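Colleague: Model the following, please.
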Amino acid sequence: MLGHNLPNHGLTDFNPGSIFSHEVEPLLSPNRGYQIVKGNLVHETAVVNWRSLSIGTHNIIGPYVCLGEDAENISVKSDGIIKIGSGNVFKEHSTVNLPTDPSLNTIIGDRNYFMAHAHIAHDCVLEDNIVMCNQSSLGGHVRVMNGAILALNSSVHQFQVIGSWSMIGMNCCVTKTTKILPGYTYVGVPARRLCLNKIGLERNKVDIVQLKLETKRFLSLKKEVA
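Modeller: Okay, here's the model as predicted:
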C-alpha cells in the first residue's frame, strides 16, 4: 500500500485503485498538499461541496478543482446532487456543476481522466474510461458514452450525446445538430466525421458486433435527449 511509511501525515488509508495509480506515489509526499478524505486523495486547495456529493473511492481531486458549485444557468436553480464513481482523476481547475433536475443529477462513472480546466456542466452524465483534455467543455444535459476522448479546447452543445470510443478533435465544436456516432473521429467547426477511430477501437478491443450494439444504444440515447 502506498504511503505505508508516512504514518504521521494521515496517508495510510489510501490504496490507489485508479488506472492512473502511477501518479499517486509522488502525490503522497507531505509537501504536495494532498490529504485523504473519504478514501479519496484531495488537494488542500480543492473546493468540494461534500453535502451535495455522493462519491466512491480512489479518486484524485487536484489543485483548485471545484466540485459542486451551482449550475451555470440564469433561469433554473440548482437542485440535486453530483454522483461520482471511483478511480477518476480531476486535474487542476477542472469543474463539475450541480444539476438542475434532481431526478437526473450530474453523474460521472469510473476511471475517467479530466485534464486541467475541463468543464462538466449541470445534469451531464458521463460513463466510464472517458478522457477530457485541457479546456474541453460540456454544455448542460450532455451524455458522454464509454471511452470517448475530447481533445484540447473541444466544446459540446447542450443536450448532445457523444458516442462510445469516439474521438473529438482539437478545437472541434459539436453543435446542436451534429451526430457523434460511436467509434468515429470528428474534426472541425462544426464537427464533421473524418474516419473510423481505428486506434481507439483496437485499444479498447472493440469488434464489429460490439460497435453495432453500442451504436444501437447511442441512437436510443439520442431519442431520449431530443
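Colleague: Quick check: which element contains P26?
Modeller: Taking DSSP states H and E as the criterion, P26 maps to helix 24-27.
Colleague: Could you do C195 as well?
Modeller: Per DSSP H and E: strand 192-196 holds C195.
Colleague: Quick one: list the elements packing against that strand.
Modeller: For strand 192-196, the contact count by 3 or more Cβ pairs under 8 Å, 6 or more residues apart in numbering; DSSP states H and E identifies strand 184-187 as packing neighbours. C-beta: built from backbone N, CA, C; applies to glycine.
Colleague: Show me what the helix ranked longest in the chain is packed against.
Modeller: Taking DSSP state H as the criterion, the chain has its longest helix at helix 208-225. In terms of contacts (3+ Cβ pairs under 8 Å, 6+ apart), helix 208-225 is packed against strand 161-162.
Colleague: which other residues reach the strand it packs on?
Modeller: Applying Cβ atoms under 8 Å, 6 or more residues apart in numbering, the external contacts of strand 161-162 come out as 142-145, 148, 150, 156, 168, 174, 180, 218, 221-222, 225.
Colleague: Sort those residues by pLDDT and name the bottom one.
Modeller: Note: of the contacts of strand 161-162, the lowest pLDDT belongs to V225, at 78.
Colleague: OK, contacts around the nearest residue to it once chain neighbours are set aside?
Modeller: Nearest residue to V225, sequence neighbours excluded (Cβ to Cβ, 6 or more residues apart in numbering): F159, at 4.9 Å. Residues near F159 by Cβ under 8 Å, 6+ apart: G139, G140, H141, V142, K176, V225, A226.
Colleague: element containing F159, please.
Modeller: Assigned by DSSP H and E, F159 falls outside every helix and strand.
Colleague: if I look at the nearest residue to A121 once chain neighbours are set aside, how far off is S86?
Modeller: Excluding the flanking residues, the one nearest A121 by Cβ to Cβ, 6+ apart is G140, at 4.5 Å. With distances taken as Cβ to Cβ, to the nearest Å, G140 is found 25 Å from S86.
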